[in-house]
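Chemist: Generate a structure from the sequence data that follows.
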Amino acid sequence: MKQNVLLITLAAGFAAPPAAHAETADATAGAEIVAPLTVMAWEELFFGTIAPSTLTSGDVFVDVDGTRVCSNGPTCLADNQQAARFAVNGQTGKAYGISVTSGTTVSNGAGDTMAVTGLVSDISTGILVGGSDEFWVGGTLQVSVNQATGMYLGNYTVSVEYQ
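Modeler: Numbering: from 1, shown residues only. Down below sits the predicted model:
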């Protein structure tokens, strides 16, 4: 009988493991919402007043600092060119990136066009100091031989996004 009690006691010890103890922890979920990022053209890219050549086509380059160079055929006349200036607004202290379409076409409304190439900004990224910043865009206008007269206009796209 002693052996049966001992066996029953030993079997009972193996059959019922001790109760498990569960642990819990609390965690936090959150998000930071920042001011929307906006961009606006303050000054338009303008290649200035240009006289085309009757012999050769050429380029008019306006740098991001507003300087202009006419090469090959066209002659730069009045010193009225300007680089485009863009204002960016958003969350103070945040970084943003800039992308500019590489080119576009401008038209005088009568079916005559010129290509604008090499559009580039003076910076590729910026920091919103005090919630705002600005950057400049320049590019190259391709002027054909005997380019038709008129005021030529066209659009290009500048995009900004938080980094």
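Chemist: Now do the contacts for the closest residue to Ile127 other than its chain neighbours.
Modeler: Excluding the flanking residues, the one nearest Ile127 by C-beta to C-beta, 6 or more residues apart in numbering is Ala95, at 5.5 Å. All C-beta spots, glycine's among them, are computed from the backbone N, C-alpha and C. With contact taken as C-beta atoms under 8 Å, 6 or more residues apart in numbering, Ala95 is in contact with 125-128, 162-163.
Chemist: And Glu161, by the same measure?
Modeler: Per C-beta under 8 Å, 6+ apart, neighbours of Glu161: 37, 96-97.
Chemist: Can you tell me which of the contacts of Ala95 comes closest to Gly150?
Modeler: Checking the contacts of Ala95 against Gly150 by C-beta to C-beta gives Gly126 as the nearest, at 35.6 Å.
Chemist: Low-confidence ranges, the chain, go.
Modeler: Residue ranges of the chain with pLDDT under 70: 1-18.
Chemist: So His79 sits against Gly48, correct?
Modeler: Heads up, residue 79 is Asp, not His. Yes - the criterion here is C-beta atoms under 8 Å, and Asp79 meets it with Gly48 at 7.2 Å.
Chemist: intersection of neighbour lists for these two?
Modeler: Arg68.
Chemist: Compare those two (neighbour count), which wins?
Modeler: Neighbours per residue, other C-beta atoms under 10 Å: of Asp79 and Gly48, the larger number sits with Gly48, 16 against 9.
Chemist: Chain neighbours aside, what residue packs nearest to that one?
Modeler: Nearest non-adjacent residue to Gly48, counting by C-beta to C-beta, 6+ apart: Gln81, 3.5 Å away.
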